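Student: A predicted structure for the sequence below; I have some questions about it.
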Amino acid sequence: MKKLPLHITNGTILTKTINKLGIEGEKLTWQEMLCEGPTSELLDSEEFLNLRKSFFNEFYDIDLDIDLIKNELDKLNHTENYSEIILWFEYDLFCHINMVAVISLIQQKKIELPIYLVCSGRVEGEKNLKALSELSSEQLIKHYKNKVLLDANGIDLATTIWGIYCGIDHNLLKPFIVKSSSFEYLSNCLKAHLKRFPDSVDGLNIIEKNILEIIKKRTVTSKNHLLGYALNYQGFYGYGDLQLSRIIDQLSIFYTLENDSLALNRKGHEALLGQYNFALEIDNSMTYGGVNKIEFQFNKSENKLVKSALNAY
């Protein structure tokens, strides 16, 4: 029997798209958002699944279908049927954290198959970075034909980053920001990740500050309108509706609804001016891998994470 590739995609929409294009091979749909919530380094474990199930239930009131996840992951237990593994992930932090986790899982299972990466981002003739779902059929097929074979260094880099992300010292990611690799957008994603921690001056992370700037500079008629702006102007984060809606709700102490439009209140203006540190007034209970967001702040002058007042001793 002819062996075919195993495609690991970043979601159901992409899986359906590449099936419609007639791209041969088994499809494993990776439906996770490991850029938020606690993680454990060993992905194919009950500990990992229980952590993720508890996280989604607590933060998003979602009940994970563990059996569905296990059925998808079981495809990695039959790699004798495959010729190679092809990863389909995008340029943003959301996808990159999932990607390094998938590569780590492949290594943990001691799978010895060539690993290729199809990664969207810059597209010839386009001004903005593009997600895989935004590409035309012709562009997507071209990306597939130009897939990158990951060498041993790239695979080791991904597993190292996953290990650090699951650990307690995310400053260890800093040296990899300037390290060249097979991952064209990794440096941008690592910088974006560190800036997800509260700023040491105003207590807002860059996503939160950007949302308040949108309210200040644009006419925004509702939270849903604000969500649309936040989705379009988030840089290298790749957050979805669920994540950004939660953040917008958390920031409600900084804005009010007046005359059918959102407007910054006094706290909102003070936050953008950096007059106070609002870290303790925002729900900062989110965990990124092995680190709780409230335990560290990002110091711009030192360009690194520093312990917050709550974590200083």
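Tutor: Great, that's in hand.
Student: Shouldn't Asp63 be within a strand?
Tutor: No: read with DSSP: H, G, I helix; E, B strand; the rest coil, Asp63 is coil and lies in no strand.
Student: And Ser120, how far from Gly238?
Tutor: Counting by CB to CB, to the nearest Å, the gap from Ser120 to Gly238 is 11 Å. All C-beta spots, glycine's among them, are computed from the backbone N, C-alpha and C.
Student: Mind listing the shared neighbours of the two?
Tutor: Shared contacts of Ser120 and Gly238, defined by CB atoms under 8 Å, 6 or more residues apart in numbering, are found at 90-91, 131.
Student: now, among those residues, which is nearest to Gln139?
Tutor: Ala131 (11.3 Å; CB to CB).
Student: Settle this for me: that closest one is touching Ser120, isn't it.
Tutor: Yes: if you go by CB atoms under 8 Å, Ala131 and Ser120 touch, sitting 5.7 Å apart.
Student: Counting neighbours, go ahead and name the busier of those two.
Tutor: Set Ala131 next to Ser120 and count neighbours by other CB atoms under 10 Å: Ser120 wins out with 24 against 18.
Student: from memory the more buried one sits against His143, does it?
Tutor: Yes: assessed by CB under 8 Å, Ser120 is found in contact with His143 at 6.5 Å.
Student: Pull the contacting residues for Lys299.
Tutor: Just to correct that, residue 299 is Asn rather than Lys. Contact analysis of Asn299 by CB under 8 Å, 6+ apart lists 200, 305-306.
Student: Let's see the pLDDT reported for it.
Tutor: Asn299 carries a pLDDT score of 96 in this model.
Student: What segments of this structure are strands?
Tutor: Using DSSP state E, the strands of the chain run over 4-9, 26-29, 37-38, 82-89, 115-119, 148-149, 255-258, 261-264, 287-289, 291-292, 296-299, 304-307.
Student: Check which helices and strands the fifth one sits against.
Tutor: When contacts are defined as 3 or more CB pairs under 8 Å, 6 or more residues apart in numbering; DSSP states H and E, strand 115-119 sits against strand 82-89, helix 93-108, helix 137-145, strand 148-149.
Student: between it and helix 93-108, how big is the angle?
Tutor: Per axes from the mean of the first three to the mean of the last three CA atoms, to 10 degrees, the angle that strand 115-119 makes with helix 93-108 is 170 degrees.
Student: The fourth one now?
Tutor: Interaxial angle of strand 82-89 relative to helix 93-108 (the same axes, to 10 degrees): 160 degrees.
Student: List the neighbouring strands of strand 82-89 plus their orientation.
Tutor: Strand 82-89 has its sheet partners listed here by DSSP bridges as strand 4-9 (parallel), strand 115-119 (parallel).
Student: just to revisit the earlier point, anything in contact with each of Ala131 and Ser120?
Tutor: Taking CB under 8 Å, 6+ apart as the criterion, Ala131 and Ser120 both touch 90-91.
Student: what is in contact with Ser120 and His143 at once?
Tutor: Between them, Ser120 and His143 share the contacting residues 132, 135, judged by CB under 8 Å, 6+ apart.
Student: tally of neighbours for Asp92?
Tutor: Using other CB under 10 Å, Asp92 has 24 neighbouring residues.
Student: same deal with Thr79?
Tutor: When neighbours are defined as other CB under 10 Å, Thr79 has 19 of them.
Student: so who does it touch?
Tutor: Neighbour list for Thr79: 6, 85, 109, 111, 113 [criterion: CB under 8 Å, 6+ apart].
Student: Now do the first one against Leu28, distance only.
Tutor: Pointing back at Leu6 there. On the measure of CB to CB, Leu6 and Leu28 end up 6 Å apart.
Student: Between those two, which has more neighbouring residues?
Tutor: Neighbour totals were compared for Leu6 and Leu28, and Leu6 leads with 24 against 19 (other CB under 10 Å).
Student: ok, now which ones touch that one?
Tutor: When contacts are counted by CB under 8 Å, 6+ apart, Leu6 is found next to 25-28, 75-76, 79, 82, 84-86, 113.
Student: Where does pLDDT dip in the stretch 201-313 of the chain?
Tutor: For the stretch 201-313 of the chain, the stretches with pLDDT under 70 are 310-313.
Student: For it, just list every one of the helices.
Tutor: 206-217, 223-232, 241-250, 266-273 (DSSP state H, counting those that start in this stretch).
Student: which one of those lies closest to Asn153?
Tutor: helix 206-217 (29.9 Å).
Student: ok and that closest one relative to helix 266-273, angle-wise?
Tutor: 120 degrees.
Student: Show me what counts as buried in helix 206-217.
Tutor: Neighbour-count burial for helix 206-217 flags 206-212, 214-215 (criterion: 16 or more other CB atoms under 10 Å).
Student: What separation do you get for Ile248 and Leu186?
Tutor: According to CB to CB, Ile248 and Leu186 sit 28 Å apart.
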